[in-house]
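Enquirer: After the sequence you'll find the predicted model.
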Number of protein chains: 2
Amino acid sequence: MATSSFKEQVYQELSRVTHAISHPKRMELIDVLSQRDFSVEELSTEIGMSMASTSQHLQVLKAAKLVKTNRNGNFIMYSVSDDSVLKLIAVVRELGFRKIAEIDRIIHDYNSDKDLLESLTLDELWAKSREENVMLLDVRPGNEFDAGHIPGAVSIPLDQLRNRLEELPKGQTIVAYCRGPLCVMAAEAVKILTDQKLKAMRMEDGYVEWKLKQAESATLSI
Amino acid sequence: MATSSFKEQVYQELSRVTHAISHPKRMELIDVLSQRDFSVEELSTEIGMSMASTSQHLQVLKAAKLVKTNRNGNFIMYSVSDDSVLKLIAVVRELGFRKIAEIDRIIHDYNSDKDLLESLTLDELWAKSREENVMLLDVRPGNEFDAGHIPGAVSIPLDQLRNRLEELPKGQTIVAYCRGPLCVMAAEAVKILTDQKLKAMRMEDGYVEWKLKQAESATLSI
DNA sequence: CATCTATTCAATTGTTTTGTTGAATAGTTG
DNA sequence: CAACTATTCAACAAAACAATTGAATAGATG
């Protein structure tokens, strides 16, 4: 057997990483794990697959060193191994959003339903909050908020939103955010809030984008 | 047939990009194309595959919008669609180099053969050239040099190096570079030069890394 | 130490991907 | 417009991958 060349060997190993993120569900797994640690069971319900399949996908990600495990009691908690993994997914998503016309169409189709057309980026949020006093609303599940959130945000998980409308300010602009660009919770929240005649917008960036920006500015300031 | 959800659709489309770079040969194709435009025939010899296979791989890359085509006479010239594609591959490579232990081993095995252990990054090159007068040697094929090169570099393609040794300075440090981290031409060149008792080192970064740095600093200075 | 439980493994099946071969095609060039 | 040529297509066989099922395992907990 002819041993393959240096180049071939390295490309082979590198393709372990790219292969790992080449499956839609595995990309989704990383996106979910970017929020906090999850057990296999939680992940399986989160992405809508059987435990066995979820476990197998996680093993592919683990073999590529994209996720790592920690035991916590009876549970094995999976987490993203590094911020560079989030960065990788962010780069892929950015490229896809900009280049694949089909994605634009899907996003437009989803958002055109209601008045979800206007949305903010993180930068636009900073700008807007300098002009007026906006309320930043985190609609992710409570434990994800607890694991980390944008400073100043108030947590009302999406499934509690209808019952906690009185906690929201009437005249003030409410900016809702969730996990990230592919998470629909903020959009759902805005639908509920505008139905109640509240002044609400969604932010397209989510917690991951904020976390990556933090890490970036931290390295710059060193 | 149940139409899949917003999220599922977008992940599906995004996986077109990640799937495209999930094959070693397709990653290699992008690396080659980062130097200049190539015809299918050239690419096929470059990566050591049949024309038909190469063409098929290129079509996968094209469907993911990672490469684009231009006809030039009888030839169809393929090129990378955007610097963001180079960036994507760079991020993957960086992550792989840092996380996959096997890659470290392969690289170490290859370089330990000779005195290739010491190598420079681009930043280290800048620093070194401020202290002493180094000669920057581009050992890539001539047409790749013509398509673009690091300013100040001198072109002597690897296959002409043995016949053009008299063009090289005796006492001065010669820094050889080639396509990028997975290209072995600079290493080969250093072997030849040190055998001739010349003072030579290789730079691990190549033309792509320089090009990306340029693009980066250009956007910063705007 | 026995039990319980979250996770992984193993075997199977159907699907997708890959590389090959040889034919077809599109488009240029004389 | 005929001939030529680089590229792509089509059909096939082999290999890799994915999802499912049910059994096995490792490790915590009482």
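Expert: Looks like it arrived, so ask away.
Enquirer: CA atoms for contacts and neighbours, from now on please.
Expert: Noted.
Enquirer: how much space is there between the nearest residue to A:M77 once chain neighbours are set aside and A:K25?
Expert: Of all residues not flanking A:M77 in the chain, A:S39 sits nearest, at 4.5 Å (C-alpha to C-alpha, 6 or more residues apart in numbering or on different chains). Distance of A:S39 to A:K25, computed by C-alpha to C-alpha, to the nearest Å: 16 Å.
Enquirer: from the middle of its chain, how far away would the helix or strand of chain A with the lowest mean pLDDT be?
Expert: Using mean pLDDT, DSSP states H and E, helix A:207-221 stands out as the lowest-scoring helix or strand of chain A, at a mean of 87. Centroid separation for helix A:207-221 versus its chain: 15 Å, with C-alpha atoms, centre = their mean, to the nearest Å.
Enquirer: That one close to chain B?
Expert: No: judged by C-alpha under 8 Å from any C-alpha of the partner chain, helix A:207-221 and chain B are separated, with a smallest distance of 13.1 Å.
Enquirer: name the helices or strands packed onto that helix?
Expert: Using 3 or more C-alpha pairs under 8 Å, 6 or more residues apart in numbering or on different chains; DSSP states H and E as the contact test, the elements touching helix A:207-221 are helix A:83-99.
Enquirer: hmm, who's touching the following helix or strand past the helix it packs on?
Expert: Next along the chain after helix A:83-99, taking DSSP states H and E as the criterion, comes helix A:101-111. Helix A:101-111 has contacts (C-alpha atoms under 8 Å, 6 or more residues apart in numbering or on different chains) with A:G96, A:F97, A:L117, B:F6, B:Q9, B:V10, B:E13, B:L14.
Enquirer: out of these, which are buried?
Expert: When the contacts of helix A:101-111 are checked for burial by 16 or more other C-alpha atoms under 10 Å in any protein chain shown, the buried set is A:G96, A:F97, B:F6, B:Q9, B:V10, B:E13, B:L14.
Enquirer: Going along the chain, name the strands of chain A.
Expert: For chain A, strands defined by DSSP state E occupy the ranges A:38-39, A:67-72, A:75-80, A:119-120, A:135-138, A:154-155, A:174-177, A:200-203.
Enquirer: Format those strands as a markdown table; extra columns: mean pLDDT and distance to B:Y110.
Expert: Below are those laid out as a markdown table (pLDDT from 0 to 100; distance: least, C-alpha to C-alpha, whole Å):
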| stretch | mean pLDDT | distance to B:Y110 |
| --- | --- | --- |
| strand A:38-39 | 98 | 40 |
| strand A:67-72 | 96 | 29 |
| strand A:75-80 | 97 | 31 |
| strand A:119-120 | 90 | 50 |
| strand A:135-138 | 98 | 51 |
| strand A:154-155 | 98 | 53 |
| strand A:174-177 | 97 | 49 |
| strand A:200-203 | 94 | 49 |
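Enquirer: Now tabulate the ones you listed in CSV and tack on distance to B:N163 and mean neighbour count.
Expert: Listed next are the strands of chain A as CSV, based on distance: least, C-alpha to C-alpha, whole Å; neighbours: other C-alpha atoms under 10 Å in any protein chain shown:
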stretch, distance to B:N163, mean neighbour count
strand A:38-39, 61, 20
strand A:67-72, 51, 14
strand A:75-80, 52, 19
strand A:119-120, 61, 17
strand A:135-138, 68, 23
strand A:154-155, 71, 17
strand A:174-177, 64, 26
strand A:200-203, 62, 26
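Enquirer: Would you format those as a markdown table with distance to B:H19 included?
Expert: Output for those, formatted as a markdown table (distance: least, C-alpha to C-alpha, whole Å):
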| stretch | distance to B:H19 |
| --- | --- |
| strand A:38-39 | 26 |
| strand A:67-72 | 19 |
| strand A:75-80 | 21 |
| strand A:119-120 | 30 |
| strand A:135-138 | 33 |
| strand A:154-155 | 37 |
| strand A:174-177 | 29 |
| strand A:200-203 | 29 |
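Enquirer: just checking, A:L161 touches A:E188?
Expert: No: the pair A:L161 and A:E188 fails to qualify as a contact (C-alpha atoms under 8 Å) at a distance of 10.1 Å.
Enquirer: The residue nearest to A:M77 reaches A:Y78, doesn't it?
Expert: Yes: counting by C-alpha under 8 Å, A:S39 does reach A:Y78; the two are 6.0 Å apart.
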